[in-house]
Structures are given as structure tokens and as C-alpha cells.
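Undergrad: just coords:
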């Protein structure tokens with residue numbers, strides 16, 4: 001079994017913000033494979049289904065970004081998952097809008113949600129998919145908690161569609177192939 005986690009902040013106030021791209025991608029994955037995400041479990045919105053015939057759990061922690069690790073740790077323990085069965089999808093303001101970057105391990109890169117997961121799991125040896133939201137204009141916190149401009153919507157839609165494809169590739173064919181197919185290309189091209 002695999003676990004795909006999208007990071008974000010709960011509530012209408014944060015819906016559609018740059019920081020909630022992880023939530024938005026998990027919602028698209030759930031819609032694409034008809035995974036019901038109405039269950040509240042592991043301090044998050046949770047769904048269990050199949051992606052291309054592979055049993056997969058989807059999770060959106062409702063603990064707010066900086067406490068995401070608690071939710072991820074609880075789900076992982078319950079299902080007795082290996083760290084290699086975890087994919088976390090998150091925004092990255094160091095990447096241009098439209099860019100995906102999948103890595104099999106690594107530091108938090110200053111992202112508080114990723115850092116909390118690292119702290120809770122005691123390891124950086126799990127897969128993450130970073131989705132570029134562009135470099136901050138002004139205050140980084142205000143920027144990532146802001147919404148995308150109308151002119152950015154076509155690129156945003158394209159990168160989220162690619163992220164859904166990349167997550168499915170990760171589930172069915174593994175992280176190396178997902179990295180080969182989806183890293184280094186820009187959805188704005």
C-alpha cells in the first residue's frame with residue numbers, strides 16, 4: 001500500500017492559496033480515481049482506494065501546515081508503511097510556477113510542513129513532490145498565503161494535471177521513473 005499526502009492549511013480562508021497546492025493535487029487525484037475523501041481520520045481528511053489497481057491512501061492533514069507530521073506519522077503507523085511508501089506533495093516558492101521536482105529524500109528546504117514530517121518520522125528518506133509556485137514578491141508568508149493571479153491559472157492547471165500523472169507513475173512504476181518522466185520539464189512550456 002502507498003500513502004500520498006498533500007500539504008496545506010484547512011479552512012475556506014486558505015482555499016486556493018499557493019500554500020495549498022498539495023491539498024489541491026490530492027483532491028484531483030481523489031477525483032480522477034474516485035477516492036472518497038469524506039472520512040476524518042489521522043487528524044486529516046482521508047480516503048482509501050486504488051490508483052491503477054494499486055491500493056493507495058490519500059491524506060490531507062487538517063493540523064495546519066506546521067503540524068503536518070502528526071497526521072502523516074499516525075497514518076503511517078496504522079498501516080505499518082515503510083518510508084518508501086510515502087509521497088508528500090507540497091508547494092515550493094523556490095521553483096518557478098509550472099515546475100515539478102520529485103525527490104526520493106532530502107531536507108525540508110525551509111518548508112515548515114516538510115520539517116515537521118522530518119522531525120516526526122526521524123528521517124528524510126521518503127519521497128516528496130515539490131510544485132513550483134514562483135518566487136515571493138515581498139513578504140514570503142503573505143505571498144504563499146496569497147492566491148494565484150488569473151494570468152497564472154493556465155500554468156497552474158497544467159502543473160496540477162502533471163502532478164496527478166506523476167503521482168500515479170510513482171504509485172505504479174516507482175520514484176525513479178517518476179523522476180525521469182516529470183522532473184525538469186515546465187508546464188508553462
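TA: Ah, there it is. These numbers come from a predicted model, not from an experiment.
Undergrad: which residue ranges of this protein form helices?
TA: Counting by DSSP state H, the chain has helices at residues 21-32, 68-78, 112-121, 140-144, 153-173, 175-182.
Undergrad: let me know which of the ones you listed is the nearest to residue 42.
TA: With respect to residue 42, and counting by C-beta to C-beta, the nearest of the helices of the chain is helix 68-78 at 4.2 Å. In short, each C-beta sits where N, CA and C put it, glycine included.
Undergrad: what helices or strands is the closest one leaning on?
TA: Helices and strands touching helix 68-78, as assessed by 3 or more C-beta pairs under 8 Å, 6 or more residues apart in numbering; DSSP states H and E, comprise strand 2-6, strand 44-51, strand 54-61, strand 86-92, helix 112-121.
Undergrad: redo that, cut-off 7 Å
TA: strand 2-6, strand 54-61, helix 112-121 (3 or more C-beta pairs under 7 Å, 6 or more residues apart in numbering; DSSP states H and E).
Undergrad: and residue 64, how many neighbours?
TA: Residue 64 is flanked by 16 other residues according to other C-beta atoms under 10 Å.
Undergrad: where does it fall, phi/psi-wise?
TA: phi 70, psi 150 (degrees, to the nearest 10).
Undergrad: for this protein, give me the ranges with low pLDDT.
TA: Across the chain, the ranges flagged by pLDDT under 70 are 185-189.
Undergrad: quick check, central residue of this protein?
TA: Centroid-nearest residue in the chain, with C-alpha atoms, centre = their mean: residue 89, separated by 1.5 Å.
Undergrad: returning to that earlier point: compare the helices of the chain and give me the one nearest residue 56.
TA: Closest approach to residue 56 among the helices of the chain (C-beta to C-beta): helix 153-173, 5.7 Å.
Undergrad: can you list the residues that contact the closest one?
TA: For helix 153-173, the external contacting residues (C-beta atoms under 7 Å, 6 or more residues apart in numbering) are 2, 4, 24-25, 28-29, 32, 51-52, 54, 56, 87, 89, 97-98, 100, 102, 127, 129, 131, 148, 177-178, 181-182, 187-188.
Undergrad: in this structure, what residue sits furthest out from the centroid?
TA: Distance-from-mean max, the chain, by C-alpha atoms, centre = their mean: residue 138 at 24.5 Å.
Undergrad: what's that one sitting at in phi/psi?
TA: phi 80, psi -140.
Undergrad: if I look at it, how far off is residue 146?
TA: To residue 146, residue 138 is 9 Å away according to C-beta to C-beta, to the nearest Å.
Undergrad: same question for residue 60.
TA: As judged by C-beta to C-beta, residue 60 and residue 146 stand 20 Å apart.
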